[in-house]
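>>> Here is my input, please return the structure:
(chains A and B)
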Amino acid sequence: MVRAALATKRKIGQGPKTLAVFLPAATVIAASLLAALPIVAAGGWYPDFGFLVLISWRLLRSDPWPGWWAGPMGLVNDLLTGGPIGLSVALWSATMLALDLVDRRTMWRDYWIEWGLAALLIAIDKWLQWRVAALGGARVPIEAIVPPLVLSICVFPLSAWLVSRADRWRLGR
Amino acid sequence: MATARPGWSRRAQYSLFFSFLALIAGILVGLFLLALSLLAPARYDAVRGAALDITGPIASSLHAVTETAKGLVTGAGNYWDAANQNSGLRRERDAMRRQIIQAKAIMQENRQLKATLQLRETQHDAIAIGRLVGSSFSSPRRFAILSVGSSDGVRIGMPVRSPDGLVGRVIDAGALASRVLLVSDRANIVPARLLRGGIPVISQGRGDGTIDVRPLEVGRNPFKRGDIIITSGTGGLYPPLVPIARIVKLDDDGAVAIPIADPANTNFAIVEPPYEPAAIAAEGP
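Model prediction:
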């Protein structure tokens, strides 16, 4: 092997950004803040941006933040999006727990498995939102959640790509 | 979080164990908060209002930017087709003028009739006028964010309308912004009636921007395409005679309608006091 192949490509001065530890959580909250966009939509067909970015980070790496941060981040998401308070706290914590258990079982990962996992998690998220809305007095027919679900699943690769770029940027690679 | 098997280190094993415990605690706290928000939603009024004061102004300022951009585009389009539009508008104006004269005569007659009946009606002034600057766009619920809040006199429960028709009612009020439950939300049930014939109906949102309309009396389907639904004033919250929706499709025992005050195209929304506060107080939560 030639010596050049062993040399690192790293340039002097490159490295993790300051506050790199907090960047993943900050991006999740920023995604929740997208709820403040001045979009007045007739139907709720847009994806759940906060949840998408959360699972994108967690599927990309196992340590974007200490697991318990998911609870407070969920609370912020509930407050910003105006959803029922507590739903995201429980759901996001449960998601972290579920993915920790999945990490113990899976032997290998590829894009399709990640996408499948994400689709499953998004489906659970949408179904729970529908269920809680029904408990809160707004029983929408179940077919109504299918189009936003499909849309969210299709948007996930984009969110995963953006998150992987953000991860490389924060670590200075 | 640590890897799946932390090895022999007692410290690593403990930290993994405690992180699992923390997650389970997070789930339990979340479920508790959720149960509270379903059973006693009024407990969160203050904190939800405070959160609205963060997102509301952001949405308002962004809204101004998008409105300007939209205005430039539509402005250019109007110039493009000016001659055609001009003649069309002139025709419309003449038709309108005739209708206005008719309506004025009817109003005068109505006033005289009411005077003979000695019917008393309180005049309601608008409490605040704001813009719809945002909406819930990732949930089965239909909410909109209104750019006026409790500092302008807005209180939870007040009806909101636009010059075109009914928009909904206030469910969260921050100091600077408030959240409106739109008429297209599933949980928003409005007592209404058909403009043609005055048959009492119930309007309930479908969660996708449209409204379900059902007649109170079971039997023949009284609806026709193009019918207008207006509020009846029953219940005391919404003022009567406000247009709600136009029927676009019939189904077996009712019809599907679309709101006349389309929240996406509503520039101004007017917050009014509840129509009969006494009736609402008597009903009580």
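
>>> Leaving out the residues flanking it, which one is nearest to B:I27?
If the residues on either side of it in the chain are set aside, B:I27 comes closest to A:S93, at 4.5 Å by C-beta to C-beta, 6 or more residues apart in numbering or on different chains. For the C-beta atoms, the positions are set from N, CA and C on the backbone; glycine is no exception.

>>> In which helix or strand does that neighbour reside?
helix A:87-105 (DSSP states H and E).

>>> Flag every buried residue along stretch B:177-193.
B:177-188, B:190-193 (16 or more other C-beta atoms under 10 Å in any protein chain shown).

>>> how about it, does it reach chain A?
Yes. With C-beta under 8 Å from any C-beta of the partner chain as the criterion, chain A is reached by stretch B:177-193 at B:R179, B:S184, B:D185, B:R186, B:A187.

>>> mean confidence for that stretch?
For stretch B:177-193, mean pLDDT rounds to 90.

>>> Which of the buried residues of stretch B:177-193 sits closest to B:Q108?
The closest of these to B:Q108 turns out to be B:R193 (C-beta to C-beta; 23.8 Å).

>>> In three-state terms, how would the closest one be classified?
Secondary structure state of B:R193, per DSSP: H, G, I helix; E, B strand; the rest coil, is strand.

>>> And for the nearest residue to it once chain neighbours are set aside, the neighbour number?
Spatial nearest neighbour of B:R193, chain neighbours left out: B:S232 (4.5 Å); criterion: C-beta to C-beta, 6+ apart. Using other C-beta atoms under 10 Å in any protein chain shown, B:S232 has 22 neighbouring residues.

>>> Isn't B:S232 up against B:L194?
No. The pair B:S232 / B:L194 is not scored as a contact, 9.8 Å apart, by C-beta atoms under 8 Å.

>>> Return every residue with contacts to both of the two.
By C-beta atoms under 8 Å, 6 or more residues apart in numbering or on different chains, B:S232 and B:L194 have no common neighbours.

>>> residue ranges of the helices in chain A, please?
With DSSP state H as the criterion, chain A has helices at A:3-6, A:23-33, A:49-60, A:70-81, A:87-105, A:111-135, A:146-170.

>>> Which phi and psi values does B:R196 adopt?
Main-chain torsions, B:R196, degrees, to the nearest 10: phi -90, psi 100.

>>> residues contacting the residue most central in space within chain B?
Closest to where the C-alpha atoms of chain B average out (C-alpha atoms, centre = their mean) is B:L182, at 2.4 Å. By C-beta under 8 Å, 6+ apart, the contact set of B:L182 is B:S135, B:R142, B:F143, B:A144, B:V167, B:G168, B:N188, B:G205, B:P259, B:P263.

>>> Hmm, B:S178 and the third one touching each other?
Okay, so that is B:F143. No. Using C-beta under 8 Å, B:F143 makes no contact with B:S178, being 10.2 Å away.
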